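Q: no sequence on hand, only this structure:
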């Protein structure tokens, strides 16, 4: 099948005739179907409707499924937290050792993020059934590292390690989130959620940093904000995972997304190839 049109192109369309079957006809407009009809079938013409209502329905369909929503909430908070700390970690390290090897430190962060991404690929099948727990552990460990980095004093090794480890955790978590969103989404336009989640997260982080700057917070103040945000997400992971386990029973039933059930029992996900 051809690639689906983007949401922007859908917004500009006004007529919707989705999934309409076009029977064979002798008119010139249907002569192109003659070969297919001769082989015993009708060709499916899939047209995507347009306008704001169709775009809105696509977005609602996109953000369907418990597991997908859990990871989108994680993304909407923790992406901005990661970016905020990326803006201030050099200040924290510089306050401890002005001669620190910042190039090596940044290389270590990137290496840990890459290792985390590989680890997510290797363990995605195992941990995808424990979404709430994984979010709680990952966000909680990140918050603990940020908090400890403000308490270790002048130990450059500890401060560096406590900034590097969260990068590895984030690389692991964001890769896992991307994979699960792509798996659970009920629309082939799932990639738009990556942009929307990131935009939302960076918008929140920008507002928080503007307010913090107006209050002239020190560097460790931003780390404390990141700690609170991380622990909040961790608490959300505990309660969301526990709620689904309690209501639906069992790990699989509790953590699976509505999208998976709908896809398996009602309507298959369409895979588009370019």
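A: Structure's in. What do you need? Since this is a predicted model, take the numbers as computed values, not measurements.

Q: mind listing what residue 62 touches?
A: Contact analysis of residue 62 by CB atoms under 8 Å, 6 or more residues apart in numbering lists 185, 186, 187, 189, 190, 192, 193. In short, each C-beta sits where N, CA and C put it, glycine included.

Q: how much space between the second one and residue 131?
A: Counting by CB to CB, to the nearest Å, the separation of residue 186 from residue 131 is 17 Å.

Q: neighbour count for these two, which is higher?
A: Higher neighbour count among residue 186 and residue 131: residue 131, with 29 against 23, using other CB atoms under 10 Å.

Q: quick check: that one touching residue 71?
A: Yes. At 6.8 Å, residue 131 counts as touching residue 71 under the criterion of CB atoms under 8 Å.

Q: and residue 243, what's its pLDDT?
A: With respect to pLDDT, residue 243 scores 55.

Q: likewise the one 4 residues further on?
A: In the prediction, the pLDDT value recorded for residue 247 is 50.

Q: residue 104: what secondary structure?
A: Of the three states, residue 104 takes helix under DSSP: H, G, I helix; E, B strand; the rest coil.

Q: and for it, the neighbour number?
A: 10.

Q: any idea how far it is from residue 86?
A: Going from residue 104 to residue 86 by CB to CB gives 16 Å.

Q: helix or strand for residue 53, which one?
A: Using DSSP states H and E, residue 53 sits within helix 52-62.

Q: need the three-state assignment for residue 187.
A: Following three-state DSSP, the label given to residue 187 is coil.

Q: quick one: low-confidence parts of the stretch 151-274 of the chain?
A: 241-274 (pLDDT under 70).

Q: the helices in it, which residues?
A: 156-184, 191-214, 219-248, 251-255, 258-265 (DSSP state H, counting those that start in this stretch).

Q: which one of these lies closest to residue 147?
A: Within those, the stretch nearest residue 147 is helix 219-248; the backing value is 4.5 Å (CB to CB).

Q: can you give me the angle that closest one makes with helix 191-214?
A: Put simply, helix 219-248 runs at 140 degrees to helix 191-214, going by axes from the mean of the first three to the mean of the last three CA atoms, to 10 degrees.

Q: got the buried residues for helix 219-248?
A: Neighbour counts over helix 219-248 (16 or more other CB atoms under 10 Å) mark 219-220, 222-227, 229-231, 233-234, 236-238, 240-241, 244-245 as buried.

Q: list the helices and strands it packs on?
A: helix 66-96, helix 131-149, helix 191-214, helix 251-255 (3 or more CB pairs under 8 Å, 6 or more residues apart in numbering; DSSP states H and E).

Q: please identify the most buried of these.
A: helix 131-149 (a mean of 22; mean count of other CB atoms under 10 Å).

Q: below-threshold pLDDT in the stretch 1-150 of the chain: ranges please.
A: Ranges of the stretch 1-150 of the chain meeting pLDDT under 70: 1-51, 124-129.

Q: now do 50
A: Scanning the stretch 1-150 of the chain for pLDDT under 50 picks out 14-47.

Q: so which of the helices of the stretch 151-274 of the chain is nearest residue 81?
A: For residue 81, the closest of those is helix 219-248, at 4.8 Å, according to CB to CB.

Q: end-to-end on stretch 62-71?
A: End-to-end span of stretch 62-71 (CA to CA, to the nearest Å): 13 Å.

Q: ok, stretch 121-134 next?
A: For stretch 121-134, by CA to CA, the gap between its terminal residues amounts to 14 Å.

Q: before we move on, what about stretch 210-229?
A: Rule used - CA to CA; the end-to-end distance of stretch 210-229 is 16 Å.

Q: one more: stretch 88-107?
A: By CA to CA, the extent of stretch 88-107 from end to end equals 16 Å.

Q: before I go, just wanted to say thanks for your time.
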